[in-house]
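Chemist: Here is my input; please provide its structure:
(one chain, ligands or ions: 1)
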Amino acid sequence: MRVLVAEDEVKMARAIKRGLEHEGYVVDVSSGGTDALSRAKEFEYDALVLDVMLPDMNGFDLCETLRKDGHWVPVLMLTARDGVEDRIQGLDAGADDYLVKPFAFGELLARLRALVRRGATERPTVLNVGDVVLDPASHTVDRAGRAVDLSAREFALLEFLMRHPGEVLTRPRIMEHVWDYNYAGFSNVVDVYVGYVRKKLEQPFERPFIRTVRGVGYAVGVP
Ligand code: CA
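Modeler: Presented below is the predicted three-dimensional model:
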């Protein structure tokens with residue numbers, strides 16, 4: 001696993017590098033935005049740890065440029081404040097996750113592992129499965145041309161299913177991606193949320209969309 005760390009604070013960069021190397025990652029450090037951008041384009045990293053505050057090009061612009069150029073390396077953004085604005089801006093720019101400074105190294109590791117496991121997936125602007133259209137950019141869903149109003153979590157669940165059309169997704173896998181952590185032991189939260197989505201996406205249209213695969217999980221689209 002090769003990770004690029006874009007951070008100009010020497011002490012912080014060194015600490016992250018040392019910690020990640022200890023975990024077996026190969027780590028490159030970049031102390032400037034434009035340098036990090038060209039490295040990220042040139043090499044195939046498994047993840048990018050990106051500080052927002054960088055000289056010559058900030059993390060938001062860097063991430064946005066990277067995505068616009070079609071590079072989908074998973075990005076973990078480091079923000080200085082726990083500001084909602086920062087988070088929204090980061091996610092809008094195409095970051096996959098963010099961490100607020102100061103953070104525990106263990107958390108950085110856990111998030112990085114999750115990102116690397118997920119891998120880089122090309123994100124099409126609009127997802128289309130059957131007669132359902134989901135637009136991640138505008139956060140809208142419609143079925144047969146009619147708008148369907150989903151909560152943020154319902155949206156995330158549907159988006160995850162629609163990113164894997166024809167694939168049966170297990171409950172633990174859905175949990176991990178949509179809720180971003182593993183529930184210890186049994187939890188029916190996935191089933192509950194599938195129920196919510198069905199109520200809005202299926203009932204008014206009187207036809208199914210999400211298939212239940214008994215004993216395994218859920219799927220959408222043609223198997
Ligand atoms: Ca910095």
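Chemist: Domain map for the protein?
Modeler: The record assigns the chain these domain ranges, following automatic domain parsing: 2-118, 127-220.
Chemist: Pick the most buried one from the ones you listed.
Modeler: Ranked by mean neighbour count, the domains of the chain are led by domain 2-118 with a mean of 17 (mean count of other CB atoms under 10 Å). Quick note: C-beta positions are derived from backbone N, CA and C, even for glycine.
Chemist: Quick check: what element follows the lowest-mean-pLDDT helix or strand in the chain along the chain?
Modeler: Every helix and strand in the chain was compared by mean pLDDT, DSSP states H and E; the lowest is helix 84-92, with a mean of 76. Next along the chain after helix 84-92, taking DSSP states H and E as the criterion, comes strand 97-100.
Chemist: Which elements pack onto that following strand?
Modeler: Judged by 3 or more CB pairs under 8 Å, 6 or more residues apart in numbering; DSSP states H and E, the packing partners of strand 97-100 are strand 75-79, helix 84-92, helix 105-118.
Chemist: Show me what the last one is packed against.
Modeler: Helices and strands in packing contact with helix 105-118 are listed as helix 10-22, strand 47-51, strand 75-79, strand 97-100; criterion 3+ CB pairs under 8 Å, 6+ apart.
Chemist: need the contact list for the most centrally placed residue in the chain.
Modeler: The centre of the chain sits closest to residue 96, judged by CA atoms, centre = their mean, with a distance of 3.8 Å. By CB atoms under 8 Å, 6 or more residues apart in numbering, residue 96 lies in contact with 74, 75, 76, 115, 118.
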